[in-house]
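Chemist: Below is the sequence, then the predicted model.
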Amino acid sequence: MLDIRFVRENPELVKENIRKKFQNGKLPLVDEAIALDAAKRAAESEANELRASRNALSKKIGMLMGQAKKDPSKLAEAEEVKAQVKANADRLAQLEVMEEKLSGVYAHTVDYKRSILFRGFDDKFWVPHSRNTTVAREDIEAVEGLKVLSASPEAGVYAVKSPESKQVFLMGHAEYDADTLKKEYLRDVAAGIDIQIPANYFTDDDPAQPPIVRWRSCAHLLYANWLNYCVYQTTPYDISEIKEGTRTV
């Protein structure tokens, strides 16, 4: 597989190699790939600028709200800035919609080794994903208190927690049955949607073959850890009220 950077920097060389293979019908694909790559990089650049602007505007709102205590006229300016933040957020959401649906089973690593949620996990584990949008890691890390626990090079962030693990956010579908991705894929094919075969899922990437389930053990461990460490062990009880069946919160 050709690296897109090589194609971008050496389009004529790539085309010459195509001609040598007598595949001239593929020549337009070179320019198409370069154009799509340019659009992708432009979108990434705009997204980065919007994130930087959001951070600066958020600080400005805080400053204006502080000044408004002495000068109420600053409230109107603060509202204008809030509107700009909202517009930027809407545009950023548009840019983060994926060109293709993310569908398949992807390898992940535990980024935060001390996480009790991932206690007992292997260095690499697998989780199904099925979605059309994503959340950038830098957006998550910009929120005070949130910590990324696990991620995938291909699928992006998988697990995030709030302080003291009171909230856990999962981007994937460890709960999926063996045939869930298959049903989704066949549904989309029947609807005439141009959809990719789920990655790392069917035997030999052949939809006619059975799926390979490689996420079940980590799914059980994930939810067992959550119930044990984040629910059971953090819920206080008054032992004197157990006989009355009363649970304290």
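Modeler: Great, that's in hand. Numbering: from 1, shown residues only.
Chemist: contacting residues for the closest residue in space to residue 213 that isn't next to it in sequence?
Modeler: Of all residues not flanking residue 213 in the chain, residue 178 sits nearest, at 4.8 Å (C-beta to C-beta, 6 or more residues apart in numbering). Heads up, the C-betas are built off the backbone N, CA and C, glycines and all. Residues near residue 178 by C-beta atoms under 8 Å, 6 or more residues apart in numbering: 211, 213, 216.
Chemist: backbone phi and psi for residue 178, please?
Modeler: Main-chain dihedrals, residue 178, degrees, to the nearest 10: phi -60, psi -30.
Chemist: Okay, it and residue 216: tell me how far apart.
Modeler: 8 Å (C-beta to C-beta, to the nearest Å).
Chemist: repeat for residue 101
Modeler: Taking C-beta to C-beta, one finds residue 101 at 23 Å from residue 216.
Chemist: neighbour-wise, which of the two wins?
Modeler: In this view residue 101 and residue 216 are compared by other C-beta atoms under 10 Å, and residue 101 has more residues nearby, 19 against 13.
Chemist: Assign a three-state SS to the more buried one, would you?
Modeler: strand (DSSP: H, G, I helix; E, B strand; the rest coil).
Chemist: Now do the domain split for the protein, please.
Modeler: The chain breaks down into these domains under automatic domain parsing: 4-95, 99-232.
Chemist: For these, give me TSV that also has mean pLDDT.
Modeler: Shown next, in TSV, are those (pLDDT from 0 to 100):
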stretch	mean pLDDT
domain 4-95	82
domain 99-232	91
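Chemist: Give me whichever of these is most buried.
Modeler: domain 99-232 (a mean of 16; mean count of other C-beta atoms under 10 Å).
Chemist: and that domain, how far out from the chain's middle?
Modeler: On the basis of C-alpha atoms, centre = their mean, to the nearest Å, domain 99-232 is displaced by 9 Å from the centre of the chain it belongs to.
Chemist: Which helix runs longest in this structure?
Modeler: helix 27-67 (DSSP state H).
Chemist: same for that one, what does it pack against?
Modeler: Contacts defined by 3 or more C-beta pairs under 8 Å, 6 or more residues apart in numbering; DSSP states H and E place helix 27-67 against helix 4-9, helix 11-20, helix 74-95.
Chemist: Can you name the residues in contact with the last one?
Modeler: In this case it means helix 74-95. 43, 46-47, 50-51, 53-54, 57-58, 60-61, 64-65, 67-68, 133.
Chemist: Repeat the analysis, applying 7 Å as the threshold.
Modeler: For helix 74-95, the external contacting residues (C-beta atoms under 7 Å, 6 or more residues apart in numbering) are 43, 46-47, 50, 53-54, 57-58, 60-61, 64-65, 67-68.
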